[in-house]
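Chemist: structure for the following, please:
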Amino acid sequence: MESRDSVIAALERLPARVQEVDFKQRGYHLEVFVEAARLRALAELLRAGDFYLSFVSGLHLKPAIEVSYQFANFSFPCRLLARVEVEADNSLPTISDLFQGANWHERETKDFFGVIFRDHPNLKPLLLAEDMEDLKPLLKKEDRLKGRAAVTRAQASGTEKAPAPAGGEEGA
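Modeler: This is a model prediction of the structure:
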């Protein structure tokens with residue numbers, strides 16, 4: 001992949017839903033929604049396209065926990081945020097064999113949200129004590145859960161306002 005356009009085309013063939021967003025407002029260029037069954041294919045595509053993993057984190061939403069992965073490219077300015085809803089059994093496939101940095105992030109996400117990363121080589125508690133395995137401190141009570149629209153910015157329908165110029169160039 002040589003440009004953002006080639007990344008978008010490759011992701012849409014996956015298939016994944018891809019949306020270009022304002023980097024200055026969000027800190028990334030592309031927002032990607034992919035099904036859990038296509039997560040590894042997404043990671044393999046990005047690995048082959050010279051991307052690296054920046055972070056993995058969870059978000060407890062209604063109706064399911066969502067895991068976010070942020071990737072950036074070594075060769076050209078392109079950051080993307082991939083969002084994946086966990087499967088009904090509260091699991092996702094691991095990508096730690098494709099991106100070494102995912103090992104720590106997946107363990108942390110399991111500690112705080114209880115997401116099981118299938119085939120992870122060392123899914124032991126990372127930050128919480130082993131006797132606190134059932135704690136899951138970032139899970140919300142059912143009556144406090146919000147839907148995606150309540151916690152995200154307006155979609156690219158013209159309602160998203162760009163921030164005032166802060167100087168400097170758009171980064172990667």
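Chemist: name the helices or strands packed onto the least confident helix or strand in the chain by mean pLDDT?
Modeler: For the chain, counting by mean pLDDT, DSSP states H and E, helix 148-151 ranks last in confidence among helices and strands (a mean of 80). Under the contact criterion of 3 or more CB pairs under 8 Å, 6 or more residues apart in numbering; DSSP states H and E, helix 148-151 touches no helix or strand at all. C-beta coordinates here come from the backbone N, C-alpha and C atoms, glycine included.
Chemist: just the buried residues of it, please?
Modeler: Buried residues in helix 148-151, counted by 16 or more other CB atoms under 10 Å: none are found.
Chemist: again with stretch 134-142
Modeler: Of the residues in stretch 134-142, those buried by neighbour count under the rule 16+ other CB under 10 Å are Lys136.
Chemist: can you give me the end-to-end distance of that stretch?
Modeler: The stretch stretch 134-142 measures 17 Å between its terminal residues, going by CA to CA, to the nearest Å.
Chemist: quick one: contacts for the nearest residue to Ala16 once chain neighbours are set aside?
Modeler: The shortest distance from Ala16 to any residue other than its chain neighbours is 4.2 Å, reached at Val34 (CB to CB, 6 or more residues apart in numbering). Taking CB atoms under 8 Å, 6 or more residues apart in numbering as the definition of contact, the neighbours of Val34 are 14, 16-17, 42, 82-84.
Chemist: kindly report the same for Arg38.
Modeler: For Arg38, the set of contacting residues under the criterion of CB under 8 Å, 6+ apart consists of 14-16.
Chemist: ok but it is inside a helix, no?
Modeler: Yes: secondary structure assignment places Arg38 in a helix (DSSP: H, G, I helix; E, B strand; the rest coil).
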